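A.B. asks: Kindly return the folded structure for what I paste below:
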Amino acid sequence: MSFQAGVAKVNITPAIGCAMAGYAARKHGAVGIRDELWARALYLTDTKNDLMLLGVETVGIPAKMVERVRRRVEELTGIPASNVFIAATHTHSGPSIPRSDVDPVTANNAAVFEDKLVGVATWAKSLSAPARIFYRRGHAQCGVNRREKRDGRVILGKAPDQPVYPWVDVLQITDLNGQTKAIWSCHPCHAVVLGQNNYFISGDFPGAASRRIEEQTGAVAIFANGCAGNINSDPHGADFDAVDRLGHYLAAAVMKELLSSVQGRELTPSLSSLQHGFLLPADSGGIGFSVHAVSIGEVALLGLPAEVFVELGMSIQEQSPFEITVPVGYANGYQGYIPTEQAFEEGGYEVGARVREQEDRITAEAPAVLIAESLKALHRLKEVAS
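C.D. replies: Here you go, the predicted structure:
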């Protein structure tokens, strides 16, 4: 079976003055650019199925824009829209990508941003060449569970005794001579080293990690966030030196695996993709929700368009029919937080500010449904892949 890959990256740094996303307390737009933002695209094909993985340095991408990008990529490349997987890094120091037009600077940035996503995907496919793909996992912990219990209530703080995901999952794509062409990595952690008082555009620690990996390998480094709904970077609300330190720490964890004397696991060069829609229990009866499951040999990626709590992602991993499953958050849209059932009972920011006050509110049954339906999608994908 002939396996091919192509990779490309494009600068998506917005204009100074654009609205920023991630903190409602900000009072004005960006005043400068600390580091440039990028969209990176990885095209994979086994000659029967095509897959496009996009990693984008923004807090999230509205579902309607995802739909437009997918449709346009299909028109230009022939890659099925349902096989285009778009994940945001969740930097809280990037531009706002609004659901509707706001001020002219922000609206223009959003239009250019969409064009660039389509363009970089098209470019990546045009660069496809014979390739091999390997999976690795290394230890990394960039964050801490933020649901601290204090004085009988849950606050946004530090809860080191609560769950985190202490690994970084890595896909390494090489040419047939062994030269690394792309590195795709996933680690769940809010990109909030910089706080609400920062008005400079930045990719936060994931951007710093990708830059460092690219400097050291000459490859394109794509970062995807995981189920980071209750995981904050450590430190949080710090400075640019802290951004670089944490980013370089994550890059070192990835590079350690790439440089290990133990070869990564080479994956069977076969691809499958599946969209699975269902209803999350809500006050109205149900909210439409869709997950995107893709398989690359023995590895499954599960795209979740939400801020899913880390415990839910790990539960999906543990029960998945695939040997290796990597849940990816902030993928193919954004539908707010999905806490655990226990968190609904405890309250706290994610439940109070992002669930209970929404017009159409999910209920405490939602997390169990998310797990069950995600596993249903993975089992269906396993059948297709077999």
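
A.B. asks: just checking, Ile362 touches Leu279?
C.D. replies: No: Ile362 is beyond contact range of Leu279, at 10.2 Å (criterion: CB atoms under 8 Å). Placement of C-beta: from N, CA and C, glycine included.

A.B. asks: Return every residue with contacts to both of those two.
C.D. replies: The contact sets of Ile362 and Leu279 overlap at Ile287 (CB atoms under 8 Å, 6 or more residues apart in numbering).

A.B. asks: which helices and strands does the strand or helix carrying Met52 pack with?
C.D. replies: Using DSSP states H and E, the element containing Met52 is strand 50-56. Contacts defined by 3 or more CB pairs under 8 Å, 6 or more residues apart in numbering; DSSP states H and E place strand 50-56 against strand 38-45, helix 63-77, strand 84-88, helix 104-126, strand 220-225, strand 271-280.

A.B. asks: possible to save the ones you listed as TSV with mean neighbour count and mean pLDDT?
C.D. replies: Below are these laid out as TSV (neighbours: other CB atoms under 10 Å; pLDDT from 0 to 100):
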stretch	mean neighbour count	mean pLDDT
strand 38-45	26	98
helix 63-77	18	97
strand 84-88	27	98
helix 104-126	19	93
strand 220-225	27	98
strand 271-280	18	97
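
A.B. asks: Next, format those as CSV and append distance to Pro305.
C.D. replies: As requested, the helices and strands packed on strand 50-56 are exported to CSV (distance: least, CB to CB, whole Å):
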stretch, distance to Pro305
strand 38-45, 18
helix 63-77, 7
strand 84-88, 10
helix 104-126, 16
strand 220-225, 12
strand 271-280, 11
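
A.B. asks: Gly313: which of these is closest?
C.D. replies: strand 220-225 (10.7 Å; CB to CB).

A.B. asks: Alpha carbons of the closest one, in CSV - could you do that?
C.D. replies: Output of strand 220-225 as CSV, limited to C-alpha atoms (Å, rounded to 0.1, in the frame of the first residue of the first chain):
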residue,chain,number,x,y,z
VAL,A,220,6.6,21.4,10.6
ALA,A,221,5.4,20.9,14.2
ILE,A,222,1.6,20.8,14.7
PHE,A,223,0.2,21.0,18.2
ALA,A,224,-3.3,19.8,19.1
ASN,A,225,-4.9,20.3,22.5
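
A.B. asks: where does this structure have low pLDDT?
C.D. replies: The model of the chain has pLDDT under 70 over residues 1, 99-101, 353-359.

A.B. asks: and it, what are its domains?
C.D. replies: For the chain, the structural domains run 4-126, 129-266, 271-385, going by automatic domain parsing.

A.B. asks: what's the first-to-last distance across the longest one?
C.D. replies: Here the two ends of domain 129-266 are set 17 Å apart, with distance taken as CA to CA, to the nearest Å.

A.B. asks: Contacts for the strand holding Met52, please.
C.D. replies: For strand 50-56, contacts defined as CB under 8 Å, 6+ apart pick out 12, 39-45, 69, 73, 77-80, 83-89, 117, 120-121, 124-125, 184, 222-224, 271, 273, 294, 296, 301.
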